[in-house]
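Engineer: the following block contains a protein sequence and its predicted model.
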Amino acid sequence: MKPFVQHAARQDILDQYRYFLDVDSAELANRFLSAVNEAIDKIARNPDAGVPRKFVNPLLTGLRCRGITGFDEMRICYMTGRDTVTIIRVLHTRRDLGAIFAEQGVDRPEED
């Protein structure tokens with residue numbers, strides 16, 4: 001499947017990268033980016049491996065979450081389409097996912 005990272009997820013990744021730069025080092029921030037890219041590749045190859053999640057928002061029916069190796073408290077939340085995996089958000093597990101996803105929209109790419 002082809003991965004599509006929606007705007008909110010790109011912003012999550014950038015925010016986390018900047019956080020690691022501020023509190024630790026460029027090495028950690030770059031390791032995070034590599035780990036995210038690797039996790040997205042794994043999701044694209046095996047989209048059913050993520051844990052199904054249920055939220056009140058009907059747009060998120062079928063949402064799954066999967067961890068990021070080396071960043072155990074971070075999750076990639078995604079949905080699958082016919083040919084595409086849409087990365088919805090990349091979030092820390094301590095965040096209030098119910099509140100975040102209550103009004104979360106989904107940007108879906110055009111599929112063939």
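Structural biologist: Sure thing, it's come through.
Engineer: select the longest helix from the protein.
Structural biologist: helix 26-45 (DSSP state H).
Engineer: tell me which residues in that helix are buried?
Structural biologist: Residues of helix 26-45 classed as buried by neighbour count (16 or more other C-beta atoms under 10 Å): 29, 32, 35-36, 39-40, 42-44. C-beta: built from backbone N, CA, C; applies to glycine.
Engineer: from the residues you listed, which is closest to V56?
Structural biologist: I43 (23.7 Å; C-beta to C-beta).
Engineer: ok, that closest one - contacts?
Structural biologist: 3, 49-50, 66, 76, 78, 85, 87 (C-beta atoms under 8 Å, 6 or more residues apart in numbering).
Engineer: write the PyMOL selection for whichever of those residues are buried.
Structural biologist: Remark: buried members of the contacts of I43, expressed as a PyMOL selection using 16+ other C-beta under 10 Å:
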select buried, resi 3+50+66+76+78+85+87
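Engineer: nearest to L21, of the contacts of I43?
Structural biologist: I76 (20.3 Å).
Engineer: great, nothing more from me.
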